[in-house]
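S.K.: Give the three-dimensional model of this entry:
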Amino acid sequence: MLKKYDVAYTMVDEPLLPPTVHLTTNFAYFRWHGKGEKIWFDYRYSKEELDSWVPKVQEVSKSVKKVIGFFNNHYHGYAPENCLYLLEKLGLLSESQKKAKDKSKVKQSQLSFFSN
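M.R.: Below you'll find the model as predicted:
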């Protein structure tokens with residue numbers, strides 16, 4: 001039915017659904033929610049977990065015009081960190097994103113770094 005109506009299947013990483021890959025239109029849609037226990041969407045992915053998604057995203061990108069991916073964000077704000085890491089592993093990190101990634105390593109005690 002998704003193919004018939006040209007609707008993308010959401011390839012999702014979360015505790016209730018399997019992380020299967022299906023292409024149903026000319027773009028791919030990935031959604032990383034996390035695997036936390038109490039609040040499963042307030043989650044910081046490990047590098048190993050994100051590394052396992054790299055070949056899936058690369059393979060899908062060969063068959064579609066566009067790949068869209070979203071990380072669920074919660075009050076801890078892990079989504080940008082996770083996203084920048086995945087973009088880096090895919091070889092897609094822009095110069096401004098590289099700077100943002102470097103700034104994200106700064107500890108709270110060094111926040112004056114951001115005002116420069």
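
S.K.: show me where the protein has helices.
M.R.: Assigned helices in the chain, in chain order: 47-51, 54-61, 78-89, 95-103 (criterion: DSSP state H).

S.K.: Y5: which of these is closest?
M.R.: Of all those, helix 54-61 sits nearest to Y5, with 19.8 Å by Cβ to Cβ. Bear in mind the C-beta positions are built from the backbone N, C-alpha and C, glycine included.

S.K.: what's the angle between that closest one and helix 78-89?
M.R.: What separates the directions of helix 54-61 and helix 78-89 is an angle of 70 degrees, with axes from the mean of the first three to the mean of the last three Cα atoms, to 10 degrees.

S.K.: What helices and strands are in contact with helix 54-61?
M.R.: Of the remaining helices and strands, those touching helix 54-61 by 3 or more Cβ pairs under 8 Å, 6 or more residues apart in numbering; DSSP states H and E are strand 27-32, strand 66-71, helix 78-89.

S.K.: which residues does K4 contact?
M.R.: K4 makes no contacts at all, as judged by Cβ atoms under 8 Å, 6 or more residues apart in numbering.

S.K.: what separates the lowest-mean-pLDDT helix or strand in the chain from the chain centre, distance-wise?
M.R.: Among the helical and strand segments of the chain, the one scoring lowest on mean pLDDT, DSSP states H and E is helix 95-103, with a mean of 87. What separates the centre of helix 95-103 from the centre of its chain is 16 Å, taken as Cα atoms, centre = their mean, to the nearest Å.
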